[in-house]
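Asker: Just a sequence and a predicted model for now, questions to come.
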Amino acid sequence: MTIFHEVTGDGPAVLLVHAGVCDSRMWARQVEDLRTDHRVITVDRRGYGKTPLEAGAKYADAADLLEVLDELGVETTAVVAASFGAYVALQAASKQPERFSRLVLMSPPADNVMPTDDLRAFGAEEDRLLEAGDVDGATALNVQAWVGPEADDEARELVRVMQKRAFEVQLAAGEVENEEWEVGGITAPITLFTGAHEFTFFADCAKYLTELLPNVTHTELPWAGHLPSLERPTEMTATIRAALTSTD
């Protein structure tokens, strides 16, 4: 299986892993900035963007990330990741902790944290729309749920396009098996962000991860929803760069 990925720039490696409602296009503004002094690697996980998803596929997103790093000959990398992509990055770093120098994560979900009622309600409505064949309605629901109030129309449209593409690929593939790995044993510094305008489940996950792992710094962004790098791209790019270069 070939995972679509792109590499640009020179310097220390940084791997960008996209959210579950996006693909690698979500990082365009960050890539433009970081490529000036980093070797920036972006990926499309299976079923997103330019990476297909085969019917009945059995795979592990975290293994795919490690295989991309192997293919590129990257021994050590920092990671910037969002949402489910941040959860995948945590799994990969748990499997090979020596390979990951620093993690900058935006709103990762976590095992052993119960979904909140509002998140359950979202999932039920998404299922209802998809079962009715209303992919456009399900896409609009996701944009409304995951994109915060600071985002402009361009950002909202990009999320709509990326989510619509993901639905088309994933629905065509049907049932697949995505193996998830246990998270733990990471000693690298983790800078973790959540937004004040997103499901409180993610604040609960941040609390759990802060207790589970030894070197986590959590900041709630008072202006942000679930996708801060798209909602305030200039400000968040500076924040990501500062986290990557921190000496803490």
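Answerer: Cool, the structure landed.
Asker: Now do the helices in this structure.
Answerer: With DSSP state H, the ranges of helices along the chain come out as 28-34, 61-72, 83-95, 117-131, 135-146, 153-173, 201-212, 228-231, 233-245.
Asker: Any buried residues in the first one, and which?
Answerer: Of the residues in helix 28-34, those buried by neighbour count under the rule 16 or more other C-beta atoms under 10 Å are Gln30, Val31, Asp33, Leu34. No exception for glycine: its C-beta is placed from N, CA and C like everyone else's.
Asker: which secondary structure elements does it contact?
Answerer: strand 13-17, strand 39-43, helix 233-245 (3 or more C-beta pairs under 8 Å, 6 or more residues apart in numbering; DSSP states H and E).
Asker: Relative to Leu16, which of the helices of the chain is closest?
Answerer: helix 28-34 (6.6 Å; C-beta to C-beta).
Asker: Which positions in stretch 65-83 come out as buried?
Answerer: Applying 16+ other C-beta under 10 Å to stretch 65-83 flags Leu65, Leu66, Val68, Leu69, Val74, Thr77, Ala78, Val79, Val80, Ala81, Ala82, Ser83 as buried.
Asker: Just the CA atoms of that stretch, as CSV, please.
Answerer: What follows is stretch 65-83 as a C-alpha-only set of coordinates in CSV (Å, rounded to 0.1, in the frame of the first residue of the first chain):
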residue,chain,number,x,y,z
LEU,A,65,3.2,6.5,9.4
LEU,A,66,6.2,4.5,10.4
GLU,A,67,6.4,3.0,7.0
VAL,A,68,6.5,6.4,5.4
LEU,A,69,9.3,7.5,7.7
ASP,A,70,11.2,4.3,6.8
GLU,A,71,10.7,4.9,3.1
LEU,A,72,12.1,8.4,3.5
GLY,A,73,15.0,7.3,5.7
VAL,A,74,13.9,9.5,8.6
GLU,A,75,15.4,8.3,11.8
THR,A,76,14.0,11.0,14.1
THR,A,77,11.2,13.5,13.6
ALA,A,78,9.0,16.0,15.4
VAL,A,79,5.2,15.6,14.8
VAL,A,80,2.4,18.2,14.4
ALA,A,81,-1.0,16.5,14.4
ALA,A,82,-4.7,17.2,14.8
SER,A,83,-7.7,15.3,16.1
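Asker: quick one on the thing from earlier: point out the most buried one among the helices and strands packed on helix 28-34.
Answerer: Mean neighbour count (mean count of other C-beta atoms under 10 Å) peaks for strand 13-17 among those, with a mean of 25.
Asker: tell me the angle of that strand relative to helix 61-72?
Answerer: With axes from the mean of the first three to the mean of the last three C-alpha atoms, to 10 degrees as the basis, strand 13-17 and helix 61-72 are set at 150 degrees to each other.
Asker: pLDDT averaged over strand 13-17, what's the number?
Answerer: Across strand 13-17, pLDDT averages out at 98.
Asker: Can you tell me the strand partners of it and which way each runs?
Answerer: If you go by DSSP bridges, strand 13-17 pairs up with strand 39-43 (parallel), strand 77-82 (parallel).
Asker: what does it rub up against?
Answerer: 24, 27, 30-31, 34, 38-43, 45, 65, 68-69, 74, 76-82, 85-86, 88-89, 244 (C-beta atoms under 8 Å, 6 or more residues apart in numbering).
Asker: can we see that at 7 Å?
Answerer: 27, 30, 34, 38-43, 65, 74, 77-81, 85-86, 88-89, 244 (C-beta atoms under 7 Å, 6 or more residues apart in numbering).
Asker: Understood, closing this out.
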